[in-house]
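Asks: task: produce atomic coordinates for the following.
(chains A and B)
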Amino acid sequence: MSTVVHLSGPGRPGPELKDLLAGVARGDQDAFSRLYDTVAGPVLGLVRRVLRDPAQSEEVTQEVLLEVWRTAARYQAERGEVMAWVLTIAHRRAVDRVRSVQAAADRDQRAAAASHAPAFDRVAEQVEGRLEREQVRRCMRMLTELQREALTLAYYRGYTYPQVAEVLGAPLGTVKTRMRDGLIRLRDCLGVGA
Amino acid sequence: MSAADLHTLTGAYAAHALDPAESAEFERHLAGCPACVQEVAEFAATLARLGAAQAVLPPPALKAQVMAALPTLRQEAPRTAPAPGRPRGRLARGWARLALAVCLASAVGAGGVAVQQHQQAERARARAAALQQQQDRFVGLLTAPDARTATGTGVGGVGAGTVVWSSSRGQAGFLAAGLPTPAAGTTYELWFDDAGTMRPAGLLSTGDGVLLLTGTPDGAGGVGVTVEPAGGSAHPTTAPLMLLPFT
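Replies: Residues are numbered from 1 along each chain as shown, chains lettered A, B, ... in the order given. As a prediction, this is how the structure comes out:
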């Protein structure tokens, strides 16, 4: 496939994305189109990982991108990179959807129907950025099992930390601190600076 | 929860793993904890890397849908210093909206009856569905946090018209209650008042009912109502029956 999906983490596209977002804030649809090309793949991938259901994932992705259009002027550069801002919106919306009871019922119903769809990972393998993916995997492997599981359940499945504690059979306080410790380790491994 | 306990919530907060009450408590803590703000920003950036590692190719149709929706959405202005709170005003507006919703329900009910009496059942059903859709969207507009209203009376004090607008939704609606039914071959036409230039905003063929206005209230100073030949006009051809300023 020739389409390029940018997997560069927050920080790499740097000022370019910030410039595009500034254009978006002024109502520039061309700037939005270019921003879309960079962020839509990561947004859809993350939302799908959380929701699983392809139709709901596209719906939420659409909501996320329209929220980016609507609220571009609210972005504060000192709070972090554009990609992190967009993916924070995406994660919050995906998690909100997961926690809505109605959506859960729909999702279960459609899960069977979707089970023959091509695996997301295979689709993902066709795109650029395997190195980035490898780096994330490598850093995840450096966490303790409890840290990794707690973060995976919370971030990729949208569990609340009491739900994580329940699933892992660990005390609330432990889960809370392991999530933070795990993130500190990941942050340092990935070389993230705010 | 102690400050130290709260500080350890940075990770769960960044991963959206707190319930709404805890999240709100943590945000109050954040306001006075620059170190926490820094840590949350770093964690958000870290988690974004985990998110970006999941990237897939989006279907091309998705982009077309998103791009097509852009012109219908009003963009928010940059955040500035918070305005002083006006709890009394908000409460009053809330009550006004509640009263309006009640009034709306009865107005649409009356419109439905009139339609049933004058049209074939099939057309009446279609019209009722369209009315219902207008009503639903109108009620949706009333629930916008920044929805505001202005009401005026019809000529000679007969009936009333109410305009509802929301800047965040970029939308306005008009509710007619007890206005005279327009004479045969005429219709009510709604206009956005762009500093004296009237921009067509939709037609209403009854004196009771709701209309979601076409176009954005953004930039307009108010809404006007005139009577026009059926099918509407590009510019007002009669004196306005009503002018409702956005104040």
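Asks: okay, the closest residue to A:V82 other than its chain neighbours: pLDDT?
Replies: Leaving aside its sequence neighbours, A:V82 sits nearest to A:L17 (Cβ to Cβ, 6 or more residues apart in numbering or on different chains; 3.9 Å). Backbone N, C-alpha and C define where each C-beta goes, glycine included. For A:L17, the model assigns a pLDDT of 93.
Asks: my guess is A:L17 contacts A:A84, does it?
Replies: No. Contact criterion Cβ atoms under 8 Å: A:L17 and A:A84 do not qualify, at 10.3 Å.
Asks: so for the two, which residue has more residues nearby?
Replies: Between A:L17 and A:A84, counted using other Cβ atoms under 10 Å in any protein chain shown, the more crowded position is A:A84 (26 against 23).
Asks: okay, now the unreliable bits of chain B?
Replies: B:1-4, B:80-128, B:131-132, B:143 (pLDDT under 70).
Asks: which ones are touching the spatially most central residue of chain A?
Replies: With distances taken as Cα atoms, centre = their mean, the residue of chain A nearest its centroid is A:L46 (3.7 Å). Residues in contact with A:L46 (Cβ atoms under 8 Å, 6 or more residues apart in numbering or on different chains) are A:87, A:90-91, A:94, B:51-52, B:54-55.
Asks: how close does the residue in chain A sticking out farthest from the centre sit to A:R178?
Replies: In terms of distance from the mean C-alpha position of chain A, A:P171 ranks first, at 26.7 Å (Cα atoms, centre = their mean). Between A:P171 and A:R178 the computed distance is 10 Å (Cβ to Cβ, to the nearest Å).
Asks: name the SS class of B:R199, please.
Replies: strand (DSSP: H, G, I helix; E, B strand; the rest coil).
Asks: check B:D193 too.
Replies: Following three-state DSSP, the label given to B:D193 is strand.
Asks: quick one on the thing from earlier: A:E132: which of the contacts of A:L46 is nearest?
Replies: A:E132 has its nearest neighbour among those in B:A52, at 6.9 Å by Cβ to Cβ.
Asks: what number of residues lie near the closest one?
Replies: Residues near B:A52, counting by other Cβ under 10 Å, number 29.
Asks: leaving out sequence neighbours, find the closest residue to the residue nearest the centre of chain B.
Replies: With distances taken as Cα atoms, centre = their mean, the residue of chain B nearest its centroid is B:L141 (3.3 Å). Spatial nearest neighbour of B:L141, excluding adjacent residues (Cβ to Cβ, 6+ apart): B:G173 at 5.1 Å.
Asks: tell me the secondary structure for the one you found?
Replies: B:G173 - assigned by three-state DSSP - is strand.
Asks: identify the residues contacting it.
Replies: Neighbouring residues of B:G173 by Cβ under 8 Å, 6+ apart: B:137-138, B:141, B:163-165, B:210-213.
Asks: what pLDDT does A:S115 get?
Replies: On the pLDDT scale, A:S115 is placed at 47.
Asks: check the one 3 residues further on too.
Replies: According to the model's per-residue confidence, A:P118 sits at a pLDDT of 43.
Asks: same check on A:D108?
Replies: For A:D108, the pLDDT comes out at 60.
Asks: where does pLDDT dip in chain A?
Replies: Along chain A, the parts satisfying pLDDT under 70 run over A:1-15, A:101-129, A:194.
Asks: ranges for the helices of it?
Replies: A:15-25, A:29-51, A:54-71, A:82-99, A:101-114, A:120-125, A:130-141, A:145-151, A:157, A:161-168, A:172-190 (DSSP state H).
Asks: how near is the closest residue to A:G158 other than its chain neighbours to B:L30?
Replies: Take A:G158 and drop its neighbours on the chain: the residue closest to it by Cβ to Cβ, 6+ apart is A:V98, 3.8 Å away. In this view, A:V98 and B:L30 are 24 Å apart by Cβ to Cβ.
Asks: ditto for B:A69
Replies: Going from B:A69 to B:L30 by Cβ to Cβ gives 33 Å.
Asks: more neighbours, these two?
Replies: Neighbour count, other Cβ under 10 Å: between B:A69 and B:L30, B:L30 has more, with 18 against 13.
Asks: can you pull the contacts of that one?
Replies: B:36-37, B:40.
Asks: what's the farthest-apart pair in the contacts of B:G173?
Replies: Maximum distance among the contacts of B:G173 (Cβ to Cβ): 14.8 Å, for B:R137 and B:V163.
Asks: okay, the two: which has more neighbours?
Replies: B:V163 (26 against 13).
Asks: about what we covered before: what is the residue nearest to B:L141 paired to in the beta sheet?
Replies: Beta-bridge partners recorded for B:G173 (DSSP bridges): B:V164, B:L212.
Asks: now B:Q134: how far from chain A?
Replies: For B:Q134, the distance to chain A equals 23 Å [Cβ to the nearest Cβ, to the nearest Å].
Asks: identify the residue spatially nearest to that residue, adjacent ones excluded.
Replies: Per Cβ to Cβ, 6+ apart, closest to B:Q134 is B:V210, 5.2 Å.
Asks: need the three-state assignment for the one you found.
Replies: Classified using three-state DSSP, B:V210 is strand.
Asks: right, and the helix or strand after the helix or strand containing the residue nearest to the centre of chain B?
Replies: B:L141 is part of helix B:121-142, with elements assigned from DSSP states H and E. Sequence-wise, the next helix or strand downstream of helix B:121-142 (DSSP H and E) is strand B:148-153.
Asks: quick one on the thing from earlier: so which of the contacts of B:L30 is the most crowded?
Replies: Within these, most neighbours by other Cβ under 10 Å means B:V40, with 24 neighbours.
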